[in-house]
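Below is the structure, and that's it, no one-letter string:
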């Protein structure tokens, strides 16, 4: 696990430039650094040591030194791949996973990516061909940003490293910001800046002589399969998921898991504790006296009581959201309003005192039907709404997720573009809905919401705490299997995640499986009202949006005059606060510790 970065343009001091890029993501790799520099390219990394602490220093080279590789993430099937290549006469000298990559490329060319099982962002340079390849894992667990400047490429695990070189104009991408207001996040390939992009999941970029091409090597599709029984699917899901967890337990540093008390994290924690012969720790935060948050510690305790685990339960009564918010938005790189990033960081920070690698249960809802929008919407009502130019969730995937505040955004922001990302966002849903409407929704969740919201925040917040987060439910083999399972087995008689709960019955107490779902959210209304007058009103009234004519002052003053915000108003206000802080951090370049200075 680390952060990678690099560039292809000429620089008077490439080593110093790489050092600047690396320091911007020191949190991703506090244990060491590495680089490769020649007349054509400069490549660097920061390392968080996980496998082969002493022998795993990057970069790794092919045996003839013609291929250079730097990697952020983990290749889970590296032992199998090393055995395969050793049988062909290749030799390896470490027990590190990344060592296999340059030799794998030499043997198979770019088809080697189809052999990988892992989470990764890879930079690979072929010296003979003078080609640079940037590769992102199947589902998009690890981030990778890039910018093209005069035919040259700059890339990094975090956008802030690209900005450190002062080569990219900070032209604002207002389509991206409009989509942020609609969806609470910015879907790839967009970023807040027009000249910087996110590499697609399951893709790689090939750059040579000032031009580049993008290639898609993995793209899951629905595979209708009515020939297997419910029992067959239960066996197959359980077996495959146990194999995924077994592979992802590989580590030379302590491994544990987040345990919310929900189905997904409980399954991962229970199975992992059985498959390891090392101490296995689980971490749970218990909300005390926080409005709108349910105490799930009783469910988590049922899991820890059944299995051999070291448990750490931490009570949360308050979080210093005012001072934490600018710091976390700095780590996020982008305007991002899914408030789950705050408790995710809080939990990662606590866990990092004991362990370095954390498993979590992300992906279960998207694969097996765990969200409210997976239940059926009224088609007739949606058709009427569409004629009235209202949201029509039964007909449009975008409308399932889109904010109900679009009219308000049109009045507040002169640059706001209504529905600007609708067509690409719901492409998979529209293409597959005739096969299985519910599975088409979940496939679209996997395409956008999962990588660009859930995995985005998981990576950024755990890495902010210098911790590696692994997601066993998102082994690409399990994702592919889920696309063949009929939706009638995922939701049955209103019971969400029906099939996965049947799998869970083999490992978990009944009370954990069949209970009300609690999200990992944050009490936005309470915190917006608590700090509105003293901090956030002043932040907005004297901020970048006001001073640069990017917001309607008169409409905004309506917020300032309110003594108390409703739940709906609080959510709108929250998006504005996040956006304002982002502008001050990344456009005005303020330090996150001085955002509230007058």
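Sure thing, it's come through. This structure is a prediction, so every number in the text was calculated from the model and none was measured.

which residues of the stretch 201-350 of the chain fall in strands?
Remark: strands assigned in the stretch 201-350 of the chain by DSSP state E, counting those that start in this stretch are 203-208, 211-216, 255-258, 281-287, 310-316.

Can you list the buried residues in the second one?
By that I understand strand 211-216. Buried residues in strand 211-216, counted by 16 or more other C-beta atoms under 10 Å: residue 212. Yep, even glycine has a C-beta here, placed from its N, CA and C like the rest.

residues in contact with that strand?
With contacts defined as C-beta atoms under 8 Å, 6 or more residues apart in numbering, strand 211-216 is touched by 110, 148, 151, 153, 199-200, 202-206.

Can you say which of the strands of the stretch 201-350 of the chain is nearest to residue 523?
Nearest of the strands of the stretch 201-350 of the chain to residue 523, taken as C-beta to C-beta: strand 281-287 at 8.6 Å.

picking that back up, just say which of the strands of the stretch 201-350 of the chain is most tucked in.
Ranked by average neighbour count under the criterion mean count of other C-beta atoms under 10 Å, those are headed by strand 255-258 at a mean of 26.

Quick check: buried residues in the strand or helix carrying residue 82?
Assigned by DSSP states H and E, residue 82 belongs to helix 78-86. Using 16+ other C-beta under 10 Å as the test for burial, helix 78-86 gives 78, 81-82, 85.

Tell me the pLDDT of residue 152.
Looking at residue 152, its pLDDT is 95.

Dig out what it forms beta bridges with.
Legend: beta-bridge partners of residue 152 under DSSP bridges are residue 149.

quick one: it and residue 7 touch, right?
Yes - applying C-beta atoms under 8 Å, one finds residue 152 in contact with residue 7, separated by 6.7 Å.

Which residue of the two possesses the greater neighbour count?
Just comparing residue 152 and residue 7: by other C-beta atoms under 10 Å the higher neighbour count belongs to residue 7, 25 against 15.

residues touching the closest residue to the more buried one other than its chain neighbours, list them.
Nearest residue to residue 7, sequence neighbours excluded (C-beta to C-beta, 6 or more residues apart in numbering): residue 154, at 4.5 Å. When contacts are counted by C-beta under 8 Å, 6+ apart, residue 154 touches 6-9, 146-147, 162, 165, 167-168.

Out of these, the closest to residue 441 would be?
residue 146 (30.3 Å).

so which helix or strand takes in the closest one?
Using DSSP H and E, residue 146 falls in strand 145-149.

and the angle for that strand with strand 203-208?
30 degrees (axes from the mean of the first three to the mean of the last three C-alpha atoms, to 10 degrees).

Number of residues surrounding residue 413?
By other C-beta under 10 Å, 20 other residues sit near residue 413.

Look up how far residue 588 lies from it.
According to C-beta to C-beta, to the nearest Å, residue 413 and residue 588 sit 18 Å apart.

And residue 559, by the same measure?
Residue 559 sits 22 Å away from residue 588, going by C-beta to C-beta.

Neighbour count: these two, which is higher?
Taking neighbours as other C-beta under 10 Å, residue 559 and residue 588 compare with residue 559 leading, 18 against 12.

Contacts only, for that one.
Taking C-beta under 8 Å, 6+ apart, we find residue 559 in contact with 537, 540, 565, 569, 573, 576.

Mind telling me what element the fifth one is part of?
Assigned by DSSP H and E, residue 573 belongs to helix 567-586.

likewise the second one?
When elements are defined using DSSP H and E, residue 540 is found to belong to helix 537-541.

for the helix or strand just after that helix, packing partners?
As assigned by DSSP H and E, the chain's next helix or strand after helix 537-541 is helix 544-547. Secondary-structure packing of helix 544-547 (3 or more C-beta pairs under 8 Å, 6 or more residues apart in numbering; DSSP states H and E): helix 567-586.

How confident was the prediction at the spatially most distant residue from the centre of the chain?
Within the chain, residue 89 marks the point farthest from the mean C-alpha position, 38.1 Å out by C-alpha atoms, centre = their mean. Note for residue 89: predicted pLDDT of 93.

Can you verify it is assigned to a helix?
No - using DSSP: H, G, I helix; E, B strand; the rest coil, the secondary structure at residue 89 is coil, not a helix.

ok, the residue nearest to residue 552 when sequence neighbours are not counted to residue 584 distance?
Nearest residue to residue 552 in three dimensions, chain neighbours excluded: residue 412, at 5.3 Å (C-beta to C-beta, 6+ apart). From residue 412 across to residue 584, the span is 18 Å (C-beta to C-beta).

hmm, back to that, what's the helix holding residue 82 packed up against?
Checking 3+ C-beta pairs under 8 Å, 6+ apart, helix 78-86 ends up next to helix 100-108.
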